[in-house]
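> Any chance you could fold what I've pasted below:
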Amino acid sequence: MNSNLKWKAISVVTVVVLCIYGLFGLPDFPTSFAALKHNFSQRIRLGLDLQGGTHLILQVQVNEAIQQETAIVADDLTNKLRTRNIPSDQPIVASDTQIKVSNIAPEHIGDFRTLAGDYQQTWDLTPAPGEVNGYLLTMRQTKIAEIQDQTMTQSEETISRRIDELGLTEPVVQPYGQGDFEIIVELPGESDPNRAKDVISAGGQLEVRFVPDPKPYASRAEALEAHNGILPPGTELLPGTASASEGQGNAGGESWYIVDHLPIVTGRDLRGATPTRNTRMPPYYMIEFRLSVEAGRKFGPFTEQHMGQYMGIILDHKVKTVAVIKGRIEDSGELEGQYTEEQANDEALILRAGALPASIKYLEERTVGPSLGADSIRHGIQASITSLVVVLIFMVVYYRSAGINAVIALILNLVILLACLAYFDAVLTLPGIAGVILTIGMGVDSNVLIFERIREELRGGKAPASAVDLGFKRAFLTIIDTHVTTVVSAAFLGLMGTGPVRGFAISLTIGLMANLFTSVYVSRLIFDWHLAQAPRQAELSI
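The predicted structure is shown next:
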């Protein structure tokens, strides 16, 4: 064997060894078939349609984020009007995307318009219809679109972090639909989908708000009656548990609290959350949370100013705790309740993963059982083996000894494909198996092109070595052309498709790249090795 063939053979053997390692790892000695099978199953990740799991489609309520932005700007505008002594005999009214300021004193209209100029980059100022001294601030469409995009991005990232902390195998979290603010979530192999759903759908919107009236009311009607049917300005009613205010409240388990409309700090200001045993309420757990430095700068002065008064810790628009402020608090706090260890872990997980900017709504839910996945795997493997065997028999019968060359190239092609899936932690789906089968067809096509070219050269009177050389050279451009066009198509499927379609695109792309290596490089090596071993005048069996 000449040195050129020797180095080519070493490179092929190296690829084979790396593939075997990728598929089986380093087995323990003495090993067994069962151990190898177990290692293989651990390295090939199966998608939702093969191993079962949960498929969800969620819709993000982006309007909530827009309304929150409007409320924040309205509160900021109110404070600035008060600071600059610009009187208005009616409170500012905030709707979804508009803020209405009525009855501004005529001598202060110029000052108001100057003040409103601070918001001109994202808000349009127009006279209020039917009012002489009233104005409307309307959020611009560019700002609305920006909030919508930010809300979707943050929701997707937050859900991904929560799912990752659950330790699920290769979950899929990505946008879905066309402009309907939907997210698709696929959880392969999730044994407890209800727990995952609870973690996903929980708003996790931690807020700390001032509580001007710490008394728990048994119902909304009772709270309104206690204030003559009108809540104090800037407040709202929120439900809570009976234990939120040191066990007081409705014996039925739910109470209502009057809290400030705007929070002091929110879940976005969190820098950590840890479950720990509640030594004051054994055997229950509580959650300790830490705030950012910026949030501490706001929270410290607030708690110092309101010592002896009450603040509420609100999670998912429900009052969890109402506590007296006993001193200045800057960087940490506690969320108490009758949490079990698992509940505390889940709540801390939600808070660590970040706050959802808006609530979500379930649009679709499907559960795929593992029996369907096993059936899909069995039929997919049967189809792959059947197609491979039929193709190999045809190649050996039609091309004789050269067909064995094609058999080796096809088998190595499949080994490389599966090894790449294992190395890249790619997920094998049912469409991915279809991509594997299509790869077998493409591999056969490449070998047929090469073999027919070699036959033409032999019929033209060329010597076997020359015929092989010209056959590979003249078939190469055609093979490259077919593979590049197919890879480009697969790339678009991978970029624009959802999980299963992407699985098909990934397996097809890897298979095509492996096919270029096996059909052009490995197959040529086998031909050259055979010719080097055969007598000079021997015929090529093709």
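
> Point out where the stretch 401-542 of the chain drops to low pLDDT.
Counting by pLDDT under 70, the low-confidence segments of the stretch 401-542 of the chain come to 497-500, 536-538.

> Excluding chain neighbours, what is closest to Gln524?
If you look again at residue 524, you'll see it is Arg, not Gln. Phe472 (5.4 Å; Cβ to Cβ, 6 or more residues apart in numbering). Quick note: C-beta positions are derived from backbone N, CA and C, even for glycine.

> So the chain: which segments form each domain?
For the chain, automatic domain parsing gives the domain ranges 3-51+369-533, 62-143, 202-365.

> Could you tell me the least trusted of those?
Within the domains of the chain, confidence is poorest for domain 202-365, with a mean of 77 (mean pLDDT).

> Got phi/psi on Leu430?
Backbone geometry at Leu430, expressed as degrees, to the nearest 10, gives phi -60, psi -40.

> what helix or strand is the nearest residue to it once chain neighbours are set aside on?
Closest residue to Leu430 apart from its sequence neighbours, by Cβ to Cβ, 6+ apart: Asp49 at 4.6 Å. Taking DSSP states H and E as the criterion, Asp49 maps to helix 48-51.

> before we move on, what about Pro232?
Using DSSP H and E, Pro232 falls outside every helix and strand.

> pretty sure it contacts Ala223?
No - applying Cβ atoms under 8 Å as the test, Pro232 and Ala223 come out as separate, 11.0 Å apart.

> shared neighbours, the two?
Common neighbours of Pro232 and Ala223 (criterion: Cβ atoms under 8 Å, 6 or more residues apart in numbering): Ile258.

> Looking at the two, which has the bigger crowd around it?
Set side by side, Pro232 and Ala223 show more neighbours around Ala223, with 19 against 11, by other Cβ atoms under 10 Å.

> What is the neighbour count of the residue nearest to Leu430?
Look at Asp49: counted by other Cβ under 10 Å, it has 25 neighbours.

> got it, and Ser255?
Ser255, neighbours per other Cβ under 10 Å, totals 26.

> so when I look at it, I'm seeing a helix, right?
No - counting by DSSP: H, G, I helix; E, B strand; the rest coil, Ser255 falls outside a helix, being strand.

> Report the beta-bridge partner residues of it.
Beta-bridge pairing of Ser255, defined through DSSP bridges, involves Gly240.

> which residues touch Thr78?
Contacts of Thr78 by Cβ under 8 Å, 6+ apart are Pro91, Ile92.

> Kindly recompute the last result at 10 Å.
Applying Cβ atoms under 10 Å, 6 or more residues apart in numbering to Thr78 gives the contacts Ser88, Pro91, Ile92, Ala94, Ile99, Val101, Pro233, Gly234.

> Ramachandran angles for Val93?
Dihedral angles (degrees, to the nearest 10) for Val93: phi -110, psi 120.

> ok, it - contacts?
Applying Cβ under 10 Å, 6+ apart, we find Val93 in contact with Ala74, Ile99, Lys100, Val101, Ser102, Ala128, Leu136.

> if we go to 8 Å?
For Val93, the contact set (Cβ under 8 Å, 6+ apart) comprises Ile99, Lys100, Ser102.

> Was I right to think Thr235 contacts His261?
Yes - using Cβ under 8 Å, Thr235 is in contact with His261, at 6.1 Å.

> ok, these two, which is more surrounded?
Between Thr235 and His261, counted using other Cβ under 10 Å, the more crowded position is Thr235 (19 against 15).

> Find the nearest non-adjacent residue to the more buried one, please.
Ile258 (5.2 Å).

> Is the one you found part of a helix or strand, or is it coil?
Under three-state DSSP, Ile258 comes out as strand.

> buried sites along the helix or strand encompassing Glu225?
Using DSSP H and E, Glu225 sits within helix 220-226. By 16 or more other Cβ atoms under 10 Å, the buried positions in helix 220-226 come out as Ala223, Leu224.

> That helix packs against which elements?
Judged by 3 or more Cβ pairs under 8 Å, 6 or more residues apart in numbering; DSSP states H and E, the packing partners of helix 220-226 are strand 213-217, strand 235-241, strand 254-260.

> Tell me which of those strands sits most buried.
Mean neighbours per residue, mean count of other Cβ atoms under 10 Å, is largest over the helices and strands packed on helix 220-226 for strand 254-260, with a mean of 22.

> Would you pull up how far that strand lies from the middle of the chain?
Distance of strand 254-260 from the chain centroid (Cα atoms, centre = their mean, to the nearest Å) equals 35 Å.

> Quick check: next helix or strand after that strand?
From strand 254-260 onward toward the C-terminus, using DSSP H and E, the following helix or strand is strand 265-266.

> List the neighbouring strands of that next one plus their orientation.
Going by DSSP bridges, the partners of strand 265-266 are strand 207-211 (antiparallel).

> and the strand it pairs with with strand 235-241, angle?
Going by axes from the mean of the first three to the mean of the last three Cα atoms, to 10 degrees, strand 207-211 is angled at 110 degrees with respect to strand 235-241.

> Residues contacting strand 207-211, please?
Strand 207-211 is contacted from outside by 257-260, 262-267, 299, 302, 306, 309-315, 322, 333, using Cβ under 8 Å, 6+ apart.

> and if you look at stretch 134-147?
With Cβ under 8 Å, 6+ apart as the criterion, stretch 134-147 contacts 62, 65-66, 69-70, 73, 77, 97-104, 112-113, 116, 119, 122-128.

> Please apply the same query to stretch 455-468.
Ile454, Leu470, Gly471, Arg524, Phe527, Asp528, Leu531, Ala534, Ala538, Glu539, Leu540, Ile542.

> go again using 7 Å as the cut-off
Stretch 455-468 has contacts (Cβ atoms under 7 Å, 6 or more residues apart in numbering) with Ile454, Leu470, Gly471, Phe527, Leu531, Glu539, Leu540, Ile542.

> for this protein, which helix is longest?
helix 464-496 (DSSP state H).

> any idea how far stretch 101-114 is from the chain center?
48 Å.

> Now it: buried residues?
Val101, Ser102, Ile104, His108, Phe112.

> how near is the fourth one to Lys100?
Taking Cβ to Cβ, to the nearest Å as the criterion, His108 is separated from Lys100 by 17 Å.

> next one: the last one
Between Phe112 and Lys100 the computed distance is 13 Å (Cβ to Cβ).

> Likewise for Pro431?
54 Å.

> what's the closest of the domains of the chain to Glu157?
Closest to Glu157 of the domains of the chain is domain 202-365 (Cβ to Cβ; 7.5 Å).
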